[in-house]
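In: predicted model and sequence follow; I will ask about them next.
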Amino acid sequence: MFWADDLAASVDGPQVVNDSKTPSGTVHVGSLRGPVVLDVIVRALRDRGIATTLLYGVDDLDPMDAQALLTPDAVEREMGRPLAHVPDTAGDCHASYARHFAGIFIETFAGLGIHPDRYYWMSDIYPTGEMDPLIRTALDRAQVVRDVLLRVGHVERPDGWLPVHVICPACGKVGTTIARDWDGHTVAYACIPDYVEWARGCGASGRVAPFGGAAKLPWNLEWAAQWSLLGVTIEPCGKDLATAGGSRDRSDALAREVFDREPPLNVPYEFLNIGGRKMSTSKGRGAAAHLMAQVLPPEPLRFLFLRPRPNQAIEFDPEGTDAIPRIFDEVDRIAAAVAGREVKGELPPFPERLYALAQLDPGADHAASAAAYRPAFGHLALLAQIPGVDTAARVAAEKGGPLTPSEELVLAERLRAARVWLDAYAPESARLAVHIDAVPERVGDLTEDERSFLSALAVAAEVDPPGSGDEWQALLFRVARDRDLPAGRAFAALYAAFLGRANGPRAGWLLAGLDARFVLARLRDAGAAGVAELPGPTPAMGASS
RNA sequence: GGGCCGGUAGCUCAACGGUAGAGCAAGUGACUCUUAAUCACUAGGUUGGGGGUUCGAGUCCCCCCCGGCUCACCA
């Protein structure tokens, strides 16, 4: 079975699937793997008739620890405060830094067909008091917490350390406080100036009841507490957390030993690497999730994350490669196979399932959408670069009939993606560039009859200027035939003269889209240019006079 | 040092334990309004190394080598 179906087959009873994220800054495409994996698992469960709830949380009471986006004067003030309390640096009307960045991320979900039943924000939950019983349990069992952290995570806490972070009443920071002396009602806290390197505490101290939003649980414990609070049964997590002795192991042990609850089923998933390296939010040009969504529409983007098993790292390098066109092509190939057409190469296991899960709407007619006509991405990228071409008409002609409304949508989506791809990622070989300034060097490789064809074409076009792509195309063939030059070589000569390469788009339309005087001049120049550069017995003779 | 993933054609990758394939790149050929198109063909491999299980191993087990990511301080 497909991996998600295997997983769904291994559980019984109603399921609560959960994931949460700390919104510390811009998120990159790789971060979308988690949500897609979640969604696919949920679909697989529901397809088996298992009642399933999908939750998505924002850990926005976690301390601010990334100063990249803060102004210098804000660093001292904001670092270490809960993300939910840091003002939105973008100043675009979000209530906080956390709401801004989490919002950008979450907004991509719906576009990917991911629809959690409920979003929750820890900054909303703590003040309600729902976490209080769990905080109390953690404090009562502080020694158990310390033992677990030492045994599982090899982290030793100082004597008297309590598993709670008070939000400093004086400076509002949560990352800089330590708590001691739990008396059943209050704890003693201190906001330490040099407790952590990335933030500076104010030095305040006192006693406070750590409930109702006055304090939060430390990371590993908060995770385990969420499972108890929400009844989570399945929670995937990234491999950075799933490592042995890492966060997940600690939280699993804390769930069992502090909250007396079996932790949820884990589905560790690997990362998406860009060019063999970890994707970096700060350096990764074009790797931001919302940017990638412009060049990879939902279906291929889901496909990218779906096809490999979760524990398999995905190597993805869109920069200057054909990685993006390849994804489209692979989706199309599988769609063709699903629609019953013969395809080359081996298919992945369960292509129908893979195809269906890549679709936005789980309830849609997958057979129909698989059978629909799909213009090849690479071909669209080419058409998009030819001046004056009617793409829709061309694609309809290639299909052999008018496009359906949904096919038109796919075309528009792909055309948009192709333009972004050409602009941001495409290798030079995929870009058409008319050499305006000088005759391309490649013209020097042309044979004499090819060059004279170019000259003759210039003469013919001057006598009776073609007014359209069709007329240019007709003229090309006529001149080539008159001179007994095979059409293939004639076209190659044209591409050499204008594009500096051996092939290109439909030549007539390319020429029709360029300035007529430039075309004539280039044809004459290219027809003459190569001659002088060619060694050999033939004396150089200009095409003129 | 621990964990996870990978090493298969020049490149990118595929192959429920059952004849190692595809795309791109390369080469050859076909094609007179088809021109990074289409079609046909060719070439390219000791599946990182060594053991083991099996009628049969790219696939499963063990040991190495190489690469990547990740954790080990904090969340």
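Out: Perfect, thanks for sending it.
In: next, give phi and psi for residue A:352.
Out: When read as degrees, to the nearest 10, the backbone of residue A:352 gives phi -60, psi -40.
In: go ahead and confirm it touches residue A:340.
Out: No. Contact criterion C-beta atoms under 8 Å: residue A:352 and residue A:340 do not qualify, at 10.6 Å. Placement of C-beta: from N, CA and C, glycine included.
In: looking at those two, which one has more neighbours?
Out: Regarding residue A:352 and residue A:340, a neighbour count based on other C-beta atoms under 10 Å identifies residue A:352 as having more, with 15 against 9.
In: any figure for the gap between the more buried one and residue A:385?
Out: Remark: distance between residue A:352 and residue A:385 (C-beta to C-beta, to the nearest Å) = 35 Å.
In: what is the neighbour count of residue A:346?
Out: 6.
In: name the SS class of it, please.
Out: coil (DSSP: H, G, I helix; E, B strand; the rest coil).
In: how about the residues of the stretch 251-400 of chain A near RNA strand B?
Out: Applying C-beta under 7 Å from any atom of the strand, we find that the stretch 251-400 of chain A lies next to RNA strand B at A:268, A:270-271, A:273, A:276-278, A:308, A:311-313, A:315, A:322-323, A:326, A:329, A:344-349, A:376, A:378-379, A:381-382, A:385.
In: those residues, buried ones only, as a ChimeraX selection?
Out: What follows is the ChimeraX syntax selecting those of these that are buried according to 16 or more other C-beta atoms under 10 Å:
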select /A:268,270,271,308,322,323,329,348,378,379,381,382,385
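In: which SSE is immediately downstream of the worst-scoring helix or strand of chain A on mean pLDDT?
Out: In chain A, no helix or strand scores lower on mean pLDDT, DSSP states H and E than strand A:277-278, which sits at a mean of 61. Sequence-wise, the next helix or strand downstream of strand A:277-278 (DSSP states H and E) is helix A:289-295.
In: export only the CA atoms of stretch A:423-430, formatted as CSV.
Out: Taking C-alpha atoms only, stretch A:423-430 is exported to CSV below (Å, rounded to 0.1, in the frame of the first residue of the first chain):
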residue,chain,number,x,y,z
ASP,A,423,12.5,35.0,-14.5
ALA,A,424,13.9,33.4,-11.4
TYR,A,425,15.2,29.9,-11.9
ALA,A,426,15.5,28.7,-15.5
PRO,A,427,19.0,27.8,-16.8
GLU,A,428,20.4,29.9,-19.7
SER,A,429,19.7,27.1,-22.1
ALA,A,430,16.0,27.4,-21.5
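In: do it and RNA strand B meet at all?
Out: Yes. With C-beta under 7 Å from any atom of the strand as the measure, stretch A:423-430 is seen reaching RNA strand B through A:429, A:430.
In: can you tell me what sits against that stretch?
Out: Here stretch A:423-430 makes contact (C-beta atoms under 8 Å, 6 or more residues apart in numbering) with A:286, A:291, A:295, A:318-322, A:324-325, A:378, A:381, A:422.
In: spatially nearest residue to the residue in the stretch 351-500 of chain A that RNA strand B sits nearest to (excluding sequence neighbours)?
Out: Going by C-beta to the nearest atom of the strand, RNA strand B is nearest to residue A:382 of the stretch 351-500 of chain A, at 2.9 Å. Spatially, and ignoring its direct neighbours in sequence, residue A:382 is nearest to residue A:505 (5.5 Å; C-beta to C-beta, 6 or more residues apart in numbering).
In: pLDDT at the nearest residue to residue A:468 once chain neighbours are set aside, what is it?
Out: Nearest residue to residue A:468, sequence neighbours excluded (C-beta to C-beta, 6+ apart): residue A:512, at 5.7 Å. pLDDT for residue A:512: 76.
In: which SSE is immediately downstream of the longest helix along chain A?
Out: When chain A is parsed with DSSP state H, its longest helix is helix A:405-424. With elements assigned by DSSP H and E, the helix or strand that comes after helix A:405-424 is helix A:448-463.
In: any idea how many residues pack against residue A:524?
Out: 19.
In: quick one: it and residue A:456 touch, right?
Out: No. If you go by C-beta under 8 Å, residue A:524 and residue A:456 don't touch, sitting 10.5 Å apart.
In: thinking again about what came up before, next, count neighbours for the residue nearest to residue A:468.
Out: Neighbour tally, residue A:512, other C-beta under 10 Å: 22.
In: one more: residue A:503?
Out: Residue A:503 is flanked by 11 other residues according to other C-beta under 10 Å.
In: correct me if wrong, but it is in a strand.
Out: No. Counting by three-state DSSP, residue A:503 is not part of a strand but coil.
In: before we move on, the earlier item: other SSEs contacting the strand or helix carrying the residue of the stretch 351-500 of chain A closest to RNA strand B?
Out: For residue A:382, the host element (DSSP H and E) is helix A:377-383. For helix A:377-383, the packing partners by 3 or more C-beta pairs under 8 Å, 6 or more residues apart in numbering; DSSP states H and E come out as helix A:323-338, helix A:391-399, helix A:405-424.
In: so what's the gap between it and the chain middle?
Out: How far helix A:377-383 lies from its chain's middle: 21 Å, per C-alpha atoms, centre = their mean, to the nearest Å.
In: now do that helix, average pLDDT.
Out: 81.
In: ok, residues contacting that helix?
Out: A:322, A:324-325, A:328-329, A:389, A:391, A:394-395, A:411, A:414-415, A:417-418, A:421-422, A:426, A:430, A:432, A:505.
In: run the last query once more with 6 Å
Out: With C-beta atoms under 6 Å, 6 or more residues apart in numbering as the test, helix A:377-383 has contacts from A:325, A:328, A:389, A:391, A:414, A:415, A:418, A:422, A:505.
In: out of these, which is nearest to residue A:249?
Out: Within the contacts of helix A:377-383, proximity to residue A:249 (C-beta to C-beta) peaks at residue A:328, which comes in at 39.5 Å.
In: state the distance from the closest residue to the closest one other than its chain neighbours to residue A:354.
Out: With sequence-adjacent residues excluded and distances taken as C-beta to C-beta, 6+ apart, residue A:328 is closest to residue A:377, at 3.7 Å. When C-beta to C-beta is the yardstick, residue A:377 and residue A:354 sit 19 Å from each other.
In: and the two? Which one has more around it.
Out: residue A:377 (23 against 20).
In: and the gap between the more buried one and residue A:245?
Out: Residue A:377 sits 44 Å away from residue A:245 when distances are taken as C-beta to C-beta.
In: what helix or strand is residue A:248 located in?
Out: With DSSP H and E as criterion, residue A:248 is part of helix A:247-257.
In: identify each buried residue in stretch A:451-467, please.
Out: Of the residues in stretch A:451-467, those buried (16+ other C-beta under 10 Å) are A:451, A:452, A:453, A:454, A:455, A:456, A:457, A:458, A:460, A:461, A:466.
In: do stretch A:38-57 as well
Out: Buried-residue list, stretch A:38-57, by 16+ other C-beta under 10 Å: A:38-45, A:47, A:50, A:52-57.
In: pull the residues that contact it.
Out: Stretch A:38-57 is contacted by residues A:4-5, A:8, A:14-20, A:114, A:116-120, A:230, A:357, A:362 when judged by C-beta under 6 Å, 6+ apart.
In: and the closest residue to residue A:391 other than its chain neighbours, how many neighbours?
Out: Take residue A:391 and drop its neighbours on the chain: the residue closest to it by C-beta to C-beta, 6+ apart is residue A:383, 5.0 Å away. When neighbours are defined as other C-beta under 10 Å, residue A:383 has 21 of them.
In: chain center to stretch A:157-167: distance?
Out: Distance of stretch A:157-167 from its chain centroid, counting by C-alpha atoms, centre = their mean, is 39 Å.
In: show the end-to-end separation of that stretch, please.
Out: Taking C-alpha to C-alpha, to the nearest Å, stretch A:157-167 runs 20 Å from one end to the other.
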